[in-house]
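Enquirer: One predicted model, sequence on top.
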Amino acid sequence: MKRIERCEYGRINAEKRKNIIGALSMVLIGVAIFILGLCLNKFEKTNIFTVVAVLFVLPMARYLTTVIVLLRYKTPDKSLYEKVRGAVPEGSVLFSDYVFTSGERAMGMSFFVLTGNELIGLAMSEKEKTEKMTEYLSTELKRRAIPGKVTVHKEQDKFFSALKRVEKATRTAEEMGELIEFLRSLAV
């Protein structure tokens, strides 16, 4: 099975599944080690196996943290993905399942399109604070001296309208590659 990379369609559902399986695995391994320690040490809890079993809580917590962040998000419908993919102008880059975190909150966009000098997003839900998303991404781009205007829309109609009025790309391949890597590094 092909591994779904960050910002690719289907990533959110795949990450949830992977991290739930990982968390359950850590619990099962920890319990098995604990029981093995009890059996080998005449049912005394104070043994090295108990310490090792307890240490399996740390990776389990990492898996659960990712699940908790992604819990309120889901991969968009395949039909909407195909529609967006068809509307993306030539030379632009389409990100899907784009969830990122700031110091204050987790934020999610169903789609994020990197065009010439614009970065156009579609929020995952009506409840998303698009102003905060725009502010955070704009600040991060300025901090790294990457030019570009960020706009995030809640309504699909406005998102598709913004894609139709996109200007020709003026970024070099190197600049676009740098921007893509930076934006992927922000994604959960």
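Expert: Yep, that arrived.
Enquirer: helices or strands next to the lowest-mean-pLDDT helix or strand in the chain in the packing?
Expert: One helix or strand of the chain scores below all others by mean pLDDT, DSSP states H and E: helix 173-186, with a mean of 84. With contacts taken as 3 or more Cβ pairs under 8 Å, 6 or more residues apart in numbering; DSSP states H and E, helix 173-186 sits against strand 93-101, strand 106-114, helix 130-143. Heads up, the C-betas are built off the backbone N, CA and C, glycines and all.
Enquirer: Next, format the ones you listed as JSON lines and append mean pLDDT.
Expert: Converted to JSON lines, the helices and strands packed on helix 173-186 look like this (pLDDT from 0 to 100):
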{"stretch": "strand 93-101", "mean pLDDT": "92"}
{"stretch": "strand 106-114", "mean pLDDT": "92"}
{"stretch": "helix 130-143", "mean pLDDT": "92"}
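Enquirer: Distance to Ile35 and mean neighbour count added to those, as CSV?
Expert: What follows is these, written out as CSV (distance: least, Cβ to Cβ, whole Å; neighbours: other Cβ atoms under 10 Å):
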stretch, distance to Ile35, mean neighbour count
strand 93-101, 37, 22
strand 106-114, 37, 24
helix 130-143, 46, 16
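Enquirer: could I get those as a markdown table with distance to Lys158?
Expert: Shown next, in a markdown table, are the helices and strands packed on helix 173-186 (distance: least, Cβ to Cβ, whole Å):
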| stretch | distance to Lys158 |
| --- | --- |
| strand 93-101 | 17 |
| strand 106-114 | 13 |
| helix 130-143 | 10 |
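Enquirer: In this protein, where's the longest helix?
Expert: helix 11-40 (DSSP state H).
Enquirer: these two touch, right, Trp154 and Glu128?
Expert: Actually, residue 154 is Lys rather than Trp. Yes: look at Lys154 against Glu128 with Cβ atoms under 8 Å: they come within range, at 6.8 Å.
Enquirer: Who has more neighbours out of those two?
Expert: Glu128 (20 against 16; other Cβ atoms under 10 Å).
Enquirer: thinking that one is in contact with Ser110, fair?
Expert: No: counting by Cβ under 8 Å, no contact exists between Glu128 and Ser110, whose distance comes to 9.8 Å.
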